[in-house]
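J.: Give me a 3D structure for the following:
(one chain, ligands or ions: 2)
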Amino acid sequence: MVQAWLMDSSEEDQRAPHHRVPPQYLTIDDLKSLGVLYWKIPVQNVDELDKLRKERGYSYEDVIECSREKLPNYDEKLKDFFREHLHSDEEIRYIVDGSGYFDVRNKKDEWIRISLEPSDLLILPAGIYHRFTLDQNNYIKARRFFVGEPVWTPINRPADEHPARKEYMTALTNEA
Ligand SMILES: CSCCC(=O)C(=O)O
Ligand SMILES: [Fe+2]
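T.: Ligands and ions are numbered 1, 2, ... in the order given. Here you go, the predicted model:
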């Protein structure tokens, strides 16, 4: 099952879990209130993933594998992934192997760490500040989806005036 928790404030080893003491877990509904969507879809359940892809119009798909051997410019890419940023579109990842952390900002601008493993599907909304890191297993393989031609460009924080950010903030405020 997916786990999400509030992070401590230590800047040490980004691949460590960074739990608070005592740990403070969040629910899938807590994530939903930030526009972050999560599904557990067992890898053999092709139909469920297909249905979701059709419903959400994900016409593009590829695979990203984060290892020194498979990812070109590995060090640079991992550094970029962990720099706080947003995108003008959703970020959709379906984990097929390995594990890793997506961190997202909550309404108080605190970091929430979301721990992902195979069969986890995570959708980050456009405009949410976030980052990604490998965990101490040092490996993840994920399917990436996109509506139309993919744009992976990160827009680094500060980006409060970016239209996607403004739209996201409006959506957050209108949410009960
Ligand atoms: C789990 S996918 C690797 C990270 C990534 O693709 C991203 O941060 O954009
Ligand atoms: Fe991103």
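J.: For Asp120, see how far away the spatially most central residue of the chain is.
T.: Centroid-nearest residue in the chain, with CA atoms, centre = their mean: Phe102, separated by 4.3 Å. Between Phe102 and Asp120 the distance, using CB to CB, to the nearest Å, works out to 10 Å. Any C-beta I mention is one placed from the backbone N, CA and C, and that applies to glycine too.
J.: Near ligand 1, which residues of the chain are found?
T.: Proximity of the chain to ligand 1, by CB under 6 Å from any ligand atom, involves residues 64, 66, 81, 91, 93, 100, 132, 140, 142.
J.: What's the PyMOL syntax to select whichever of those are buried?
T.: To isolate the buried members of the residues of the chain next to ligand 1 in PyMOL, using 16 or more other CB atoms under 10 Å:
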select buried, resi 66+81+91+93+100+132+140+142
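J.: Can I get the residues of the chain next to ligand 1 in CSV including secondary structure and pLDDT?
T.: Output for these, formatted as CSV (DSSP: H, G, I helix; E, B strand; the rest coil; pLDDT from 0 to 100):
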residue, secondary structure, pLDDT
Ile64, strand, 98
Cys66, strand, 98
Phe81, helix, 98
Glu91, strand, 98
Arg93, strand, 98
Gly100, strand, 98
Phe132, strand, 98
Ile140, strand, 98
Ala142, strand, 98
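J.: in stretch 85-95, what counts as buried?
T.: Residues of stretch 85-95 classed as buried by neighbour count (16+ other CB under 10 Å): 85-87, 89-95.
J.: repeat for stretch 141-158
T.: Under the neighbour-count criterion of 16+ other CB under 10 Å, stretch 141-158 has 141-146, 154, 157 buried.
J.: can you pull out the strands in this protein?
T.: 3-6, 25-26, 37-40, 60-66, 85-86, 91-98, 100-105, 111-116, 120-124, 130-134, 140-146, 155-156 (DSSP state E).
J.: TSV please, covering those strands and showing distance to Leu52.
T.: Converted to TSV, those look like this (distance: least, CB to CB, whole Å):
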stretch	distance to Leu52
strand 3-6	20
strand 25-26	22
strand 37-40	7
strand 60-66	12
strand 85-86	23
strand 91-98	9
strand 100-105	18
strand 111-116	16
strand 120-124	7
strand 130-134	21
strand 140-146	9
strand 155-156	26
